[in-house]
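Undergrad: this one's structure only:
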């Protein structure tokens, strides 16, 4: 079962709890942080050495922070994360790929690196 560690009045925990609610996941909530304390206890620090919330424990898979927790849940349920198109970034990347220095160093290095590791 999914366990969410954090206090419900934490904005970052609220984002995780919203996603858990939207996905209608069975979960257990463990209050931690702020007035609840617990973030300095050895059990919590074993999960998150930074002593911060939120933390999700999905059957032994630990995710820290709201974005990592959300990404973990999206991947677990094989959901596509809606991302807006950013045409300026795509145009910039296409120009970058066209440069000889990129083709020579970045692309060649990646292929060489992959071949080297494939032999090992």
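TA: On my side now, so go ahead. Note that the structure is a prediction, hence the values are computed from the model and not measured.
Undergrad: Could you list the low-confidence segments of the protein?
TA: Where the chain drops to pLDDT under 70, the residues are 64-69, 79-85, 102-120.
Undergrad: now do 80
TA: Along the chain, the model assigns pLDDT under 80 to residues 52, 59-90, 92-94, 96-120.
Undergrad: quick one: which helix or strand includes the closest residue to residue 28 other than its chain neighbours?
TA: Taking Cβ to Cβ, 6 or more residues apart in numbering, and ignoring the residues beside it in sequence, residue 28 has residue 3 as its nearest neighbour in space, at 4.8 Å. No exception for glycine: its C-beta is placed from N, CA and C like everyone else's. Element membership for residue 3, per DSSP states H and E: strand 2-5.
Undergrad: Next SSE downstream of that strand?
TA: Beyond strand 2-5 on the C-terminal side, the first helix or strand identified by DSSP H and E is helix 11-22.
Undergrad: Flag every buried residue along that next one.
TA: The neighbour-count check on helix 11-22 (16 or more other Cβ atoms under 10 Å) flags 12, 13, 15, 16, 17, 19, 20 as buried.
Undergrad: picking up where we left off before, residues contacting the residue nearest to residue 28?
TA: Shown here is residue 3, whose contacts under the criterion Cβ atoms under 8 Å, 6 or more residues apart in numbering are 27, 28, 29, 30, 56, 57, 58.
Undergrad: can we see that at 7 Å?
TA: Residue 3 makes contact with 27, 28, 30, 56, 57, according to Cβ atoms under 7 Å, 6 or more residues apart in numbering.
Undergrad: Verify the contact between residue 2 and residue 60 for me.
TA: No. No contact is recorded between residue 2 and residue 60 when judged using Cβ atoms under 7 Å, the distance being 11.3 Å.
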